[in-house]
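K.L.:
fold the following for me, if possible:
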Amino acid sequence: MSEFVRVPFTKAMKKTHTILLPKMLEYHSTFLQAAFQGSGYRFAVMQGSSHLKEKSLRHINHDYCYPGILIIGQILEELDGGRYPADQIAFMEPQAGGACRAGNYYHVIMKVLKKCGHEDIPVISLNYKGKEKHPGFRISPRLFRNAVTAICYGDLVMSLYHQVKPYECVAGDTDAVRSRLEDELSEEIRTHSPMAGGRRAAYRKIIDAFARIPVREIVRKKVCVAGEIYIKFSPLGNHHLEEYLEKQGCQCVMGGFINYAIYVLDSDFRAYMADTPRPIFRKFYEMGLAYLKKIQRELYEEVERQGRFEIDMPFAWMKERTLNAIGCDCITGDGWLVAAEVCAAVERGCKHVLIVHPFGCLVSHISERGIVKKLKSMYPDVNIQTVEYDYDSSDTLRESRILLGIADLRGRLGRNQ
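P.N.:
Predicted coordinates for the structure are as follows:
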């Protein structure tokens with residue numbers, strides 16, 4: 001007999017229940033929240049504190065990976081905090097699929113809820129394949145379009161924030177601009193009232209707003225942060241790595257989420273074509289990829305038109321560059337995309353690379369640590385280091401690893417000689 005009973009999210013619950021999403025995408029969450037709210041859902045993003053691991057490890061095994069421990073901790077914190085009545089909430093777990101323990105989180109969440117006496121709370125799996133369906137939730141065309149728009153807004157805000165924040169003349173200016181843009185553009189998504197000119201006009205608005213922030217003419221080290229998707233994007237997962245790098249006088253360079261979304265669909269398409277004798281869904285994959293690449297191209301064209309700022313490389317460029325490093329058949333977990341992000345960052349002037357991932361994650365050790373030797377041979381003058389995160393790892397040890405990664409490579413070699 002099953003350890004739990006799957007509770008459906010019904011159509012009636014859409015009006016009464018708030019769907020809670022784990023905190024993961026720091027720059028995208030506000031826009032994504034607006035996208036779901038614009039489709040009629042009560043939706044909020046969980047926040048999380050610094051004591052999530054203590055809550056999680058009371059209910060799950062210590063062998064779970066760090067992202068899983070943090071996600072379970074956020075859920076338990078919401079139940080303890082009482083921000084919403086327990087009989088009026090549902091939890092959502094994003095899942096990309098693949099050979100990763102994250103694929104089991106959906107069932108682990110239900111198991112933990114049952115242990116806590118909340119087995120009647122629905123758990124929704126957010127995936128593009130339509131698995132684990134619920135009668136009261138579906139990804140409609142409107143929700144899909146708004147979510148893609150939210151991802152693009154988040155990517156652009158993140159990229160420009162990283163390029164302005166370390167150089168601002170007046171402390172707080174960049175955060176104020178970011179907050180204002182999040183409020184204005186989220187309202188646009190939520191109310192389906194796009195400005196004249198659509199997404200391109202919104203991109204120009206974001207670019208112009210950051211371009212008007214007064215900056216100082218100083219030199220900062222550019223540090224690429226690549227790696228496992230949760231640790232890379234979530235301040236909870238990477239212990240506020242961006243803030244730490246800023247305090248060390250560095251500029252963070254991070255690949256956007258739109259490339260990850262295309263990578264997931266492209267990898268699934270690659271596996272589907274290899275395993276299916278009669279690929280009847282080939283056109284659907286091709287249409288989805290063409291749409292996402294078109295949206296990405298529009299975003300990048302607007303950044304290039306303005307001329308001052310940089311943006312991530314297009315997916316086709318990323319895929320081509322990785323052929324020299326690992327090959328496109330490595331599609332387990334974050335696969336070849338990690339190497340591609342490093343290649344893109346190096347071509348943007350980064351001489352320092354931090355590849356971050358959870359400790360004990362086999363997928364990350366293969367796809368991320370496994371490529372370090374090759375990357376170092378390709379870029380001998382670039383300092384490339386891996387940084388592992390775990391619930392009981394030492395802050396001092398981790399920070400020393402980060403400092404090693406942002407140290408001047410030539411100076412260190414000279415001292416060793």
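K.L.:
strands along the protein, start to end?
P.N.:
18-21, 42-45, 89-94, 123-126, 221-227, 250-253, 352-358, 383-389 (DSSP state E).
K.L.:
can you put those strands in a markdown table and add mean pLDDT, mean neighbour count and distance to Gly333?
P.N.:
From N, CA and C alone the C-beta is placed, and that goes for glycine too. Below are these laid out as a markdown table (pLDDT from 0 to 100; neighbours: other CB atoms under 10 Å; distance: least, CB to CB, whole Å):
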| stretch | mean pLDDT | mean neighbour count | distance to Gly333 |
| --- | --- | --- | --- |
| strand 18-21 | 96 | 21 | 21 |
| strand 42-45 | 96 | 19 | 24 |
| strand 89-94 | 93 | 22 | 15 |
| strand 123-126 | 91 | 20 | 18 |
| strand 221-227 | 96 | 25 | 10 |
| strand 250-253 | 96 | 22 | 22 |
| strand 352-358 | 94 | 27 | 9 |
| strand 383-389 | 94 | 22 | 15 |
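K.L.:
which pLDDT does the model give the nearest residue to Leu32 once chain neighbours are set aside?
P.N.:
Distance criterion CB to CB, 6 or more residues apart in numbering; nearest residue to Leu32, sequence neighbours excluded, is Ala150 at 4.6 Å. Per-residue confidence for Ala150 comes out at a pLDDT of 96.
K.L.:
what's the burial count for Ala150?
P.N.:
25 (other CB atoms under 10 Å).
K.L.:
check Arg305 too.
P.N.:
11.
K.L.:
circling back: make JSON lines from the strands of the chain and add distance to Leu52 to it.
P.N.:
Compiled in JSON lines, these are given as follows (distance: least, CB to CB, whole Å):
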{"stretch": "strand 18-21", "distance to Leu52": "14"}
{"stretch": "strand 42-45", "distance to Leu52": "15"}
{"stretch": "strand 89-94", "distance to Leu52": "15"}
{"stretch": "strand 123-126", "distance to Leu52": "18"}
{"stretch": "strand 221-227", "distance to Leu52": "20"}
{"stretch": "strand 250-253", "distance to Leu52": "23"}
{"stretch": "strand 352-358", "distance to Leu52": "14"}
{"stretch": "strand 383-389", "distance to Leu52": "13"}
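K.L.:
of all the ones you listed, which one is nearest Val170?
P.N.:
strand 250-253 (17.8 Å; CB to CB).
K.L.:
okay, the closest one in PDB with CA atoms only?
P.N.:
Taking C-alpha atoms only, strand 250-253 is exported to PDB below (Å, rounded to 0.1, in the frame of the first residue of the first chain):
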ATOM      1  CA  CYS A 250      34.000  41.700  -7.700                       C
ATOM      2  CA  GLN A 251      31.300  41.700 -10.400                       C
ATOM      3  CA  CYS A 252      29.200  38.600 -10.700                       C
ATOM      4  CA  VAL A 253      28.600  37.200 -14.200                       C
END
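K.L.:
which elements pack onto it?
P.N.:
helix 141-164, strand 221-227, helix 241-247 (3 or more CB pairs under 8 Å, 6 or more residues apart in numbering; DSSP states H and E).
K.L.:
and of the ones you listed, who's closest to Gln95?
P.N.:
So among the helices and strands packed on strand 250-253, helix 141-164 is nearest, using CB to CB, at 14.9 Å.
K.L.:
how about the closest one: buried residues?
P.N.:
143, 145-164 (16 or more other CB atoms under 10 Å).
K.L.:
between that helix and strand 221-227, how many degrees?
P.N.:
150 degrees (axes from the mean of the first three to the mean of the last three CA atoms, to 10 degrees).
K.L.:
helices or strands up against helix 141-164?
P.N.:
Under the contact rule (3+ CB pairs under 8 Å, 6+ apart), helix 141-164 is packed against helix 29-37, helix 173-191, helix 198-211, strand 250-253, helix 257-275, helix 282-306.
K.L.:
picking up where we left off before, who are the neighbours in contact with the residue nearest to Leu32?
P.N.:
For Ala150, the contact set (CB atoms under 8 Å, 6 or more residues apart in numbering) comprises 28, 31-32, 34-35, 189.
K.L.:
can you select the buried ones from the residues you listed in PyMOL?
P.N.:
Applying 16+ other CB under 10 Å to the contacts of Ala150, the buried members can be selected in PyMOL as follows:
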select buried, resi 28+31+32+34+35+189
